[in-house]
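J.: Turn this into a structure:
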Amino acid sequence: MALIFLSLHKEALSKGGEIFMIVIGVVLALMPFYVVYRFYQNAPTIRVNSNSISFNDTAPCFWADLEKFEMTGKRPFKFMLSDPKEGVLLKFKGQKEKYILDDMYENTPEIKKLIGSIVENTLSSKVPANSADLGVLDDNSFTYYKGYQLLCFEGIFRWLFFMFMAFFIISVIWSGLMAFAIGLLILGVFFYAMMGFRLYYFGVSPEHLVIRLHNIFWYRKFYPLADIREVVFETHYKMPVCLRVITNDFESKMYPAGSIWSKKWLQLKEDFEKKNIKVRNECVTYEPFEFKLYN
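T.: Numbers count the residues shown, from 1 in each chain. Next up is the predicted model:
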């Protein structure tokens with residue numbers, strides 16, 4: 001980076017571009033202040049009571065003036081070219097919309113439950129997620145939605161990485177560098193496992209949703225369907241399509257599923273909707289291939 005900057009600097013000087021370089025320097029100097037300011041705006045200090053809510057110690061917004069609210073949904077994240085983020089929308093009379101972004105607070109579920117108990121009186125008392133009795137669940141009762149690892153980018157890249165590392169480690173061992181080989185093995189296993197967490201797949205039974213992983217056969221996470229408020233099909237920069245599960249207690253977690261094709265996603269959507277689970281499809285489309293002959 002420093003070499004690039006110096007080469008640009010020399011080129012600018014040779015073309016009489018001193019002013020341009022000064023502008024670039026000023027922008028880089030101001031960037032930390034911009035980051036702090038945007039963080040302050042995107043994650044304001046929130047104070048909530050039964051009558052009002054305030055943001056960053058500004059004048060309180062009274063619940064009696066609330067015109068619109070949505071507990072889930074994508075909200076603008078005002079930071080350069082960032083994607084929208086999951087969060088709460090609040091609109092009070094005579095004011096702009098207020099957002100509470102899930103990823104910006106450690107205690108987001110508690111904030112949402114408190115707002116819900118005040119605004120819509122829906123403080124959840126249902127059984128928390130992942131409380132299924134694993135001993136009584138029959139795997140045959142689940143319909144699974146999955147794809148083939150070697151037919152998706154994540155799976156192909158993962159196994160090519162595995163073969164490259166295996167060949168490299170064997171070559172190092174053959175050369176007698178055992179300590180180096182052990183270090184490579186640890187590093188390779190770490191990255192191989194991390195890439196595996198982009199290959200979730202899902203099973204649905206009459207009463208439960210199960211989250212599983214390709215190649216990690218013992219991993220299972222269960223959600224009782226009665227405890228799911230909403231599911232979201234979404235994607236982010238350089239990510240496969242993900243399933244976000246939002247529970248009645250506003251716990252939210254995202255599961256990337258690189259092996260599942262669009263047709264399977266829409267079948268999963270139909271299965272959820274038959275079980276009265278709200279589905280927010282933000283990214284999945286499917287158009288059947290049609291072979292046509294043109295004269």
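
J.: So the closest residue in space to residue 66 that isn't next to it in sequence versus residue 64, what's the distance?
T.: For residue 66, ignoring the flanking residues on the chain, the nearest one in space by C-beta to C-beta, 6 or more residues apart in numbering is residue 92 at 5.8 Å. The C-beta positions use only the backbone N, C-alpha and C, and glycine is treated the same way. Separation of residue 92 from residue 64 (C-beta to C-beta, to the nearest Å): 9 Å.

J.: okay, these two: which has more neighbours?
T.: Each of residue 92 and residue 64 has its neighbours counted (other C-beta atoms under 10 Å); residue 92 has more, 20 against 9.

J.: could you pull out the helices for the stretch 101-250 of the chain?
T.: With DSSP state H, counting those that start in this stretch, the ranges of helices along the stretch 101-250 of the chain come out as 108-119, 153-174, 178-196.

J.: Quickly compare those helices and say which is most buried.
T.: Among the helices of the stretch 101-250 of the chain, helix 108-119 has the highest mean neighbour count (mean count of other C-beta atoms under 10 Å), at a mean of 18.

J.: okay but residue 260 is in contact with residue 241, surely?
T.: Yes: using C-beta atoms under 8 Å, residue 260 is in contact with residue 241, at 6.9 Å.

J.: if you count what's nearby, which of these two comes out ahead?
T.: A direct count of neighbours by other C-beta under 10 Å for residue 260 and residue 241 places residue 260 higher, at 24 against 19.

J.: and the closest residue in space to that one that isn't next to it in sequence, what does it touch?
T.: Nearest non-adjacent residue to residue 260, counting by C-beta to C-beta, 6+ apart: residue 147, 4.9 Å away. Shown in contact with residue 147 (C-beta atoms under 8 Å, 6 or more residues apart in numbering): 201, 259, 260, 261, 264.

J.: can you pull the contacts of residue 217?
T.: If a contact means C-beta under 8 Å, 6+ apart, then residue 217 has no contacts.

J.: what is the mean pLDDT for the longest helix along the chain?
T.: Ranked by number of residues, the top helix in the chain under DSSP state H is helix 18-42. Across helix 18-42, the average pLDDT comes to 73.

J.: How far does it sit from its chain's centre?
T.: Helix 18-42 sits 28 Å away from the centroid of its parent chain (C-alpha atoms, centre = their mean, to the nearest Å).

J.: other SSEs contacting the next helix-or-strand element following that helix?
T.: Under the assignment DSSP states H and E, the closest C-terminal helix or strand after helix 18-42 is strand 46-48. Applying 3 or more C-beta pairs under 8 Å, 6 or more residues apart in numbering; DSSP states H and E, one finds that strand 46-48 contacts strand 52-55, helix 108-119.

J.: Note down every partner strand of strand 46-48 and its orientation.
T.: strand 52-55 (antiparallel) (DSSP bridges).

J.: where does the stretch 51-200 of the chain dip in pLDDT?
T.: 81, 121-139 (pLDDT under 70).

J.: mind redoing it with 80?
T.: By pLDDT under 80, the weakly predicted segments of the stretch 51-200 of the chain are 57, 78-83, 120-140, 155, 168-169, 171-173, 175-185, 187-196.

J.: can you pull the contacts of residue 256?
T.: Shown in contact with residue 256 (C-beta under 8 Å, 6+ apart): 154, 197, 198, 199, 200, 239, 240, 241, 242.

J.: which one of the residues you listed sits closest to residue 268?
T.: residue 241 (10.5 Å; C-beta to C-beta).

J.: List the residues that contact the residue nearest to the closest one when sequence neighbours are not counted.
T.: In space, and not counting its chain neighbours, residue 241 is closest to residue 235: 5.1 Å by C-beta to C-beta, 6+ apart. Residue 235 is in contact with 241, 242, 282, 283, counting by C-beta under 8 Å, 6+ apart.
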